[in-house]
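>>> give me coordinates for this.
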Amino acid sequence: MEKNIDFTEGKIVAPLLKFAGPVLMALFLQAMYGAVDLLVVGKFAGSADVSAVSTGSQIMTTITNLISSLCMGMTILLGQKIGEKKAEEGGKIVGSGLLMFAALGLMLALLVPFVAPSLAATMNAPEEAYKLTVWYIRICGGGAVVIIAYNLIGGIFRGLGDSTTPLVTVLIACISNIIGDLFFVAGLHMGTIGAAIATVVAQFISVVISCRLISKKKLPFTFNRKQVRWDGDIIKRIISIGTPIALQDFLVGISFLVILSIVNSIGLNESAGAGVAQKVCVFIMLVPLSFMQSMSAFVAQNRGAGKIDRALKGFRSAVLISFIFGVVMFVFSFFRGDLLASIFSNDYDVILAAADYLRAYAIDCLFTCFLFCFIGFFNGMGHTGFVMIQGIIGAFAIRVPFSFIVSKIPPVTLFRIGLATPCSTIVQIVLCFGYLMFMRRKKEL
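Model prediction:
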């Protein structure tokens, strides 16, 4: 049995790395989960299918991030109760959260397939890939309940200081998705539709098996069916914590969709190349992402225990470790982006377009170690409102206007459009440093 980690006592770096390791592996598998669709479609279908999967998956990623970010409300609330030594309240939090997210899942399952054509049109999906993009969104959107259950399991256990259970959940989904893609896409030659079916089926299998495994796991609180009820106070607290995070991630996701829409309007190869580059970016950002999630759990527990100095020490350690990895990712992505892109496509023009886009994202690797750790720190402290504000400023005051302007100035290149991302990251870091100083003046640190 995996022992839940208590971040409030003893060493700082060792337990943080122990927790971040499975988080990193889970994120890697999650990235593989999404990358396998594009990889198999790129090898066994055409550019239209690659464009459809890249555009459709970007839309579904935005929706999924909205859900997983809202789940952070439960993750942080559970973490704070663990830090306050009030773990017995966990059953009520989980029970109320299950009902709330089940209702949200049903709503999305009905809404997303209905608006799929509008979403594909809004994204300027190339004419050759339009219908395929609509089908991908409809199939994946119809499985929204499964997607929510899949993300909810991870959120609950990370709040308890257990990063291994979410790893198992993702591992099951990843293996199932690989098998599904090989069967539907490579075997039955179903292209985009096969990739979408494999995605939903894999998450369903993961949820079923994971629930069976979790039922045998000892929790730090009592949980039974009677606790699955709508508690207005708990729901309100989950929403108040999670909504700013979810809104920030959703709007940031929208900003990237706007950029992808700009790229889609350039041409099919650019559309496919941007999709390939974004899949690669998921991998090169894994370390800072893992520390962002780990910092939320680490800081939430220490805030609950009143150990703010310890939370700050953990923050500084996380920044240093993730920066080392950021330098390595910068060098590899900037100079050998073509090699990374060739993993997902055989088309020479698509590979060149993806490599051009990756050079800009490589620069961002040097800055995200600061930004993501800041976000994790402020989320854990409960200052999710600021996280939302800085994210929106970075997205809509910098990233989107920058991309739009450079797309109108010849020569239009994916590298120049991609520079919008590191530019927005730098501005957000400045805002985070400023807010940290503000918290110090208010004696919160």
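
>>> residue contacts, the residue nearest to residue 184 when sequence neighbours are not counted?
Once flanking residues are discounted, residue 184 sits nearest to residue 194: 3.0 Å by CB to CB, 6 or more residues apart in numbering. Using the backbone N, CA and C atoms, a C-beta is placed for each residue, glycine as well. With contacts taken as CB atoms under 8 Å, 6 or more residues apart in numbering, residue 194 has the following neighbours: 180, 181, 183, 184, 185, 188.

>>> and which of the residues you listed is nearest residue 269?
residue 185 (21.1 Å; CB to CB).

>>> ok, that closest one - contacts?
With contacts defined as CB under 8 Å, 6+ apart, residue 185 is in contact with 40, 41, 44, 45, 191, 194, 195, 198.

>>> 10 Å - rerun?
Going by CB atoms under 10 Å, 6 or more residues apart in numbering, residue 185 touches 36-37, 39-45, 49, 53, 191-195, 197-198.

>>> and the pLDDT at it?
The predicted local distance difference test score for residue 185 is 88.

>>> that one: what's its closest spatial neighbour, skipping adjacent residues?
Nearest non-adjacent residue to residue 185, counting by CB to CB, 6+ apart: residue 194, 4.3 Å away.

>>> how about that neighbour, secondary structure?
The three-state label given to residue 194 by DSSP: H, G, I helix; E, B strand; the rest coil is helix.

>>> for residue 56, see how far away it is.
Counting by CB to CB, to the nearest Å, the gap from residue 194 to residue 56 is 13 Å.

>>> residue 107 now?
Here the distance between residue 107 and residue 56 works out to 20 Å (CB to CB).

>>> put the alpha carbons of the helix or strand hosting residue 277 into CSV.
Using DSSP states H and E, residue 277 sits within helix 268-284. The C-alpha trace of helix 268-284 is given here as CSV (Å, rounded to 0.1, in the frame of the first residue of the first chain):
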residue,chain,number,x,y,z
LEU,A,268,-2.7,22.5,-44.2
ASN,A,269,1.0,21.8,-43.7
GLU,A,270,1.2,24.6,-41.1
SER,A,271,-1.9,23.4,-39.4
ALA,A,272,-0.5,19.8,-39.2
GLY,A,273,3.0,21.1,-38.2
ALA,A,274,1.6,23.2,-35.3
GLY,A,275,-0.4,20.2,-34.1
VAL,A,276,2.8,18.1,-34.1
ALA,A,277,4.8,20.8,-32.4
GLN,A,278,2.2,21.1,-29.6
LYS,A,279,2.3,17.4,-28.9
VAL,A,280,6.1,17.7,-28.6
CYS,A,281,5.7,20.7,-26.3
VAL,A,282,3.7,18.6,-23.9
PHE,A,283,6.8,16.4,-23.4
ILE,A,284,9.3,19.2,-23.1
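
>>> show me what it is packed up against.
Packing contacts for helix 268-284, counted by 3 or more CB pairs under 10 Å, 6 or more residues apart in numbering; DSSP states H and E, involve helix 13-44, helix 47-83, helix 232-264, helix 308-335, helix 337-341, helix 348-381, helix 414-418.

>>> let's go with 6 Å and repeat that
helix 13-44, helix 47-83, helix 232-264, helix 348-381 (3 or more CB pairs under 6 Å, 6 or more residues apart in numbering; DSSP states H and E).

>>> now the first one: buried residues?
Neighbour-count burial for helix 13-44, with 16 or more other CB atoms under 10 Å as criterion, is recorded at 15-17, 19-20, 22-42, 44.

>>> chain center to that helix: distance?
11 Å (CA atoms, centre = their mean, to the nearest Å).

>>> point out where the stretch 201-350 of the chain drops to low pLDDT.
For the stretch 201-350 of the chain, the stretches flagged by pLDDT under 70 are 214-215, 217, 219-224, 227.

>>> how near is residue 287 to residue 319?
Counting by CB to CB, the gap between residue 287 and residue 319 amounts to 11 Å.

>>> next: residue 333.
Distance, residue 333 to residue 319, by CB to CB: 20 Å.

>>> neighbour count for those two, which is higher?
Remark: of residue 333 and residue 319, residue 333 carries more neighbours, 25 against 20, as counted by other CB atoms under 10 Å.

>>> not counting sequence-adjacent ones, nearest residue to that one?
The shortest distance from residue 333 to any residue other than its chain neighbours is 3.7 Å, reached at residue 362 (CB to CB, 6+ apart).

>>> next, count neighbours for the one you found.
Residue 362 sits with 23 neighbouring residues when counted by other CB under 10 Å.

>>> for residue 415, see how far away it is.
From residue 362 over to residue 415 (counting by CB to CB), the distance is 10 Å.

>>> what's the answer for residue 403, then?
Plainly put, residue 403 is 12 Å away from residue 415 if you go by CB to CB.
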